[in-house]
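>>> no sequence on hand, only this structure:
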């Protein structure tokens, strides 16, 4: 049990009368890469938002890193070690790479409240280390990210997860807006995370990507988890059947 | 750089992709402007704009002109520092000119002497209360208090009611001007103490302006406050997701802008030895123009205090240059308008060019 990073029990979220998420039971082991798939509105993003505490759940429990947790907000979740790469890239265009990596948790040389002096040298070094660790290539650290390509920006967002000792990385469709080459670059970085033994939840629509990068696939349909399959025991057609509802019932092959 | 199993990471520095700071272009514009005035002066007037041509005073440059160039923009420059950090943070402050008016009136009331030429000060606001001949610290602190309060109202309105900064500060602009007129029922307030009058004497405005500019350039570059201001102006959602307390930060930004406007009021009323309710009219727009000419983007996230300082010098050079060419002040205003628009158009072009090259 000790190697379970994240566990949810009966996780439920209702928006008024809409049951966006119903009794989700989910487990993630250390170093495991799990894909979350499902149609639009199936509850994938809702599920992620409950874990990262962007929204507060209606009911259910969450255990993270061996303890039951009730995060008040995304900042608290992040402090605990859940790093999220958001769909809309939470990056500030006019800041350079180190500033973006350390945004909101700058390393400080002298603490003077809001006027604390930044430790720019340390942040630069840590950024370089993170880029090397995630195999991200950036032309010039001091350039603002405004003029970087979509792929480079997504890489910076992912490198952010490697800068801090995160226990769980969540990516919500990290390659949705990227070209072929850029997607390959991001996928390589995800493989690097796997090599480094980091746990990952990947929300994706891309079947090839999911089979390439993940150990296990969890399918959501109409707010419920309808399948939980090891990659070896399934194939694309099988997954599609679950997504569309052609196949039903919870398949518990892993866990 | 180190090798991982999936390729090389790190920084691949490409000298060709290097970009020089945006301030460089603004500085270049300043130099070109000076050269233009110098050439026109040499050709049409037989006089130099920049260099000393008189035999009775020493020095290579025309020092009197250089002093005037910077002195005449120093007071609006102080406001422009505050406005710059507001714009960088994604806001706008239209109230600074009116804050100057109201603060000058109120602060001056606490800086008056009891007697003028042996008679009781006819303009004294608080003669009956005996609040005259107070130490200089009192009016200065009163001014800072006024600026702080105005900034606090601006910032709180913007942070908590979520109304656009344009509207919130427009309201403050009208209200503060009203306060300035109401304070003495439209009467000017005069006869300050010697110590208060010393604040704006001679080149003091320049010294105060440049010291504040250096201080805020350092704050914007090296502190959390500066970094977060750029982040909020650049992408407010990203800043919020990163855990920056947006509301608190915005309030602080407007408070600082208010305090800087109040300091400008102190320097201005001290320099003029009087405070009038009409003081500082249009200063907010001049300050915004200085920032924009200096490369500060009105959409937030881009620009610097150094840029604004150079922008203010461009302003000063234009005014001095037109005086030097003995052209009417009317032309100044017309050209000022053209330069403000021109600066933004040029900046847009430069941005697009950079986007194409990247």
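Now that the structure is in, tell me what you want to look at. This one's a predicted model, so the numbers in the text were calculated from it and none came from an experiment.

>>> which stretches of the stretch 51-200 of chain A form strands?
Secondary structure of the stretch 51-200 of chain A (DSSP state E, counting those that start in this stretch): strands at A:59-64, A:67-68, A:82-85, A:108-110, A:117-118, A:137-138, A:168-172, A:199-203.

>>> which helices and strands does the last one pack with?
Using 3 or more CB pairs under 8 Å, 6 or more residues apart in numbering or on different chains; DSSP states H and E as the contact criterion, the secondary-structure elements in contact with strand A:199-203 are strand A:4-15, strand A:18-29, strand A:33-38, helix A:44-51, strand A:168-172, helix A:180-195, helix A:207-213. Using the backbone N, CA and C atoms, a C-beta is placed for each residue, glycine as well.

>>> quick one, which of those is nearest to residue B:106?
Closest to residue B:106 of these, according to CB to CB: helix A:44-51, at 50.0 Å.

>>> of the helices and strands packed on strand A:199-203, which is nearest chain B?
Distances from chain B to each of the helices and strands packed on strand A:199-203 were compared using CB to the nearest CB; the minimum, 4.3 Å, belongs to helix A:180-195.

>>> buried set for the closest one?
Using 16 or more other CB atoms under 10 Å in any protein chain shown as the test for burial, helix A:180-195 gives A:182, A:183, A:185, A:186, A:187, A:188, A:189, A:190, A:191, A:192, A:193, A:194.

>>> and for stretch A:4-12?
Neighbour counts over stretch A:4-12 (16+ other CB under 10 Å) mark A:4, A:5, A:6, A:7, A:8, A:11, A:12 as buried.

>>> just put the helices and strands packed on strand A:199-203 in a markdown table and tack on mean pLDDT and distance to chain B.
Formatted as a markdown table, the helices and strands packed on strand A:199-203 follow (pLDDT from 0 to 100; distance: least, CB to the nearest CB, whole Å):
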| stretch | mean pLDDT | distance to chain B |
| --- | --- | --- |
| strand A:4-15 | 92 | 20 |
| strand A:18-29 | 91 | 21 |
| strand A:33-38 | 93 | 15 |
| helix A:44-51 | 90 | 12 |
| strand A:168-172 | 90 | 12 |
| helix A:180-195 | 85 | 4 |
| helix A:207-213 | 92 | 12 |
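
>>> of all these, which lies closest to residue A:63?
strand A:4-15 (4.3 Å).

>>> where does pLDDT dip in the chain?
You didn't pick a chain, so chain A it is. Within chain A, the segments meeting pLDDT under 70 span A:1-2, A:87-89, A:165, A:249-255.

>>> sorry, I should have been clearer: chain B.
For chain B, the ranges with pLDDT under 70 are B:1-20, B:354-355, B:357-358.

>>> would you map the helices across it?
B:22-40, B:63-88, B:96-109, B:137-160, B:165-183, B:194-197, B:204-222, B:224-234, B:236-241, B:246-272, B:283-293, B:305-324, B:329-357 (DSSP state H).

>>> can I get those in CSV with distance to residue A:53?
Formatted as CSV, those follow (distance: least, CB to CB, whole Å):
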stretch, distance to residue A:53
helix B:22-40, 39
helix B:63-88, 30
helix B:96-109, 40
helix B:137-160, 23
helix B:165-183, 30
helix B:194-197, 54
helix B:204-222, 32
helix B:224-234, 21
helix B:236-241, 12
helix B:246-272, 18
helix B:283-293, 39
helix B:305-324, 38
helix B:329-357, 36
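
>>> any idea which of the ones you listed is most buried?
With neighbours defined as mean count of other CB atoms under 10 Å in any protein chain shown, those peak in mean count at helix B:96-109, which reaches a mean of 30.

>>> from the chain's centre, how far out does that helix sit?
Counting by CA atoms, centre = their mean, to the nearest Å, helix B:96-109 is centred 16 Å from the centre of its parent chain.

>>> got the angle between it and helix B:283-293?
If you take axes from the mean of the first three to the mean of the last three CA atoms, to 10 degrees, helix B:96-109 sits at 130 degrees to helix B:283-293.

>>> wait, residue B:232 touches residue B:89, no?
Yes: when contacts are counted by CB atoms under 8 Å, residue B:232 is listed as touching residue B:89 (5.2 Å).

>>> now the end-to-end length of stretch A:9-24.
6 Å (CA to CA, to the nearest Å).

>>> any idea which residue sits dead centre in the chain?
I went with chain A, as the question did not name one. residue A:170 (1.1 Å; CA atoms, centre = their mean).

>>> I was after chain B.
The residue lying closest to the centre of chain B (CA atoms, centre = their mean) is residue B:80, at 1.6 Å.

>>> quick one, what contacts that one?
Residues near residue B:80 by CB atoms under 8 Å, 6 or more residues apart in numbering or on different chains: B:286, B:287, B:288, B:290, B:291, B:308, B:311, B:312.

>>> which residues touch the residue nearest to residue B:284 when sequence neighbours are not counted?
The spatially closest residue to residue B:284, leaving aside those adjacent along the chain, is residue B:97, at 4.0 Å (CB to CB, 6 or more residues apart in numbering or on different chains). Residue B:97 makes contact with B:79, B:173, B:261, B:280, B:281, B:282, B:283, B:284, B:285, B:287 under the criterion CB under 8 Å, 6+ apart.

>>> what is the neighbour count of residue A:245?
Residue A:245 has 11 neighbours, counted by other CB atoms under 10 Å in any protein chain shown.

>>> residue A:26 bridge partners, please.
Under DSSP bridges, the beta-bridge partners of residue A:26 are residue A:8.

>>> count of neighbours near it?
By the measure other CB under 10 Å, the count of residues near residue A:26 is 19.

>>> thinking it is in contact with residue A:219, fair?
No: look at residue A:26 against residue A:219 with CB under 8 Å: they stay out of range, at 11.8 Å.

>>> quick check: neighbours shared by the two?
Counting by CB under 8 Å, 6+ apart, the contacts common to residue A:26 and residue A:219 are residue A:225.

>>> residue B:36 and chain A, how far apart?
32 Å (CB to the nearest CB, to the nearest Å).

>>> so how far is residue B:51 from that residue?
Here residue B:36 is placed at a distance of 15 Å from residue B:51 (CB to CB, to the nearest Å).

>>> between the contacts of residue B:97, which sits nearest residue A:79?
Closest to residue A:79, out of all of the contacts of residue B:97 and judged by CB to CB, is residue B:261, at 38.1 Å.

>>> residues touching that closest one, list them.
B:78, B:79, B:82, B:95, B:96, B:97, B:99, B:100, B:103, B:147, B:150, B:280.

>>> what of residue A:108?
By CB under 8 Å, 6+ apart, the neighbours of residue A:108 are A:116, A:117, A:118, A:119, B:224.

>>> residue A:179 too?
Here residue A:179 is in contact with A:150, A:151 (criterion: CB under 8 Å, 6+ apart).

>>> ok, it to chain B distance?
16 Å.

>>> relative to the whole chain's centre, how far out is stretch A:223-239?
20 Å.

>>> ignore what I typed, I meant stretch A:231-241.
The mean C-alpha position of stretch A:231-241 is separated from the chain mean by 22 Å, CA atoms, centre = their mean.

>>> from the contacts of residue B:261, which is closest to residue A:211?
Lowest distance from residue A:211 to these (CB to CB) belongs to residue B:82, with 56.5 Å.

>>> so that closest one sits against residue B:255, correct?
No: using CB under 8 Å, residue B:82 is not in contact with residue B:255, being 9.7 Å away.

>>> OK, contacts around the closest residue to residue B:249 other than its chain neighbours?
Excluding its sequence neighbours, the residue lying closest to residue B:249 (CB to CB, 6+ apart) is residue B:228, at 5.5 Å. Shown in contact with residue B:228 (CB under 8 Å, 6+ apart): A:114, B:239, B:244, B:249.
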